[in-house]
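K.L.:
sequence unavailable; structure follows:
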């Protein structure tokens, strides 16, 4: 399927059952969406229109990140930024290795949207691996 879309010059990002369709302008986005939907239907896929966003968007949430095509920034949604990390820190009070590793995991998941995020995580990884937490 991805190969067929590539031959049609449709740029897509696939992850499990999520698809991000990319175009350089509104017309191209609409055209790419129509081609992708038609291909999926021809292959027997059923598209859940209630969960799908078929109109071009300048800001979209995809795989837990907010993509802004005007500023070309990727950011974390507010709920992921604060609530997830806050919850892990609450449980971290017991200083269990598993919880420390989980905290690092939450922070790592936000690295693609954080400038130099991996550089900030590295010292925590070193502490975790040394057992000095």
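P.N.:
Perfect, I can see it now. Quantities reported herein were computed from a predicted structural model and do not represent experimental measurements.
K.L.:
can you give me the strands in the chain?
P.N.:
If DSSP state E is used as the criterion, the strands of the chain fall at 11-15, 18-22, 59-62, 65-68, 73-75.
K.L.:
chain center to the third one: distance?
P.N.:
Pointing back at strand 59-62 there. Distance of strand 59-62 from the chain centroid (CA atoms, centre = their mean, to the nearest Å) equals 9 Å.
K.L.:
look at the closest residue in space to residue 101 that isn't next to it in sequence and report its pLDDT.
P.N.:
Residue nearest to residue 101 in three dimensions, not counting chain neighbours: residue 128, with 6.0 Å by CB to CB, 6 or more residues apart in numbering. Glycine gets a C-beta too; all of them are placed from N, C-alpha and C. We have a pLDDT of 73 for residue 128.
K.L.:
before we move on, the earlier item: need the strands of the chain in CSV (columns: mean neighbour count, mean pLDDT and distance to residue 1).
P.N.:
Shown next, in CSV, are the strands of the chain (neighbours: other CB atoms under 10 Å; pLDDT from 0 to 100; distance: least, CB to CB, whole Å):
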stretch, mean neighbour count, mean pLDDT, distance to residue 1
strand 11-15, 12, 90, 8
strand 18-22, 16, 92, 10
strand 59-62, 13, 91, 18
strand 65-68, 16, 88, 22
strand 73-75, 14, 82, 25
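K.L.:
the residue nearest to residue 110 when sequence neighbours are not counted: how many residues sit nearby?
P.N.:
If the residues on either side of it in the chain are set aside, residue 110 comes closest to residue 76, at 5.3 Å by CB to CB, 6+ apart. Residue 76: 18 surrounding residues under other CB atoms under 10 Å.
K.L.:
what stretches of the protein score poorly on pLDDT?
P.N.:
Scanning the chain for pLDDT under 70 picks out 79-95, 131-133.
K.L.:
which residues sit against the lengthiest helix in the chain?
P.N.:
With secondary structure taken from DSSP state H, the chain has its longest helix at helix 26-42. Under the criterion CB atoms under 8 Å, 6 or more residues apart in numbering, residues 1, 4-5, 8, 10-12, 19, 21-23, 47, 54-56 lie in contact with helix 26-42.
K.L.:
great, nothing more from me.
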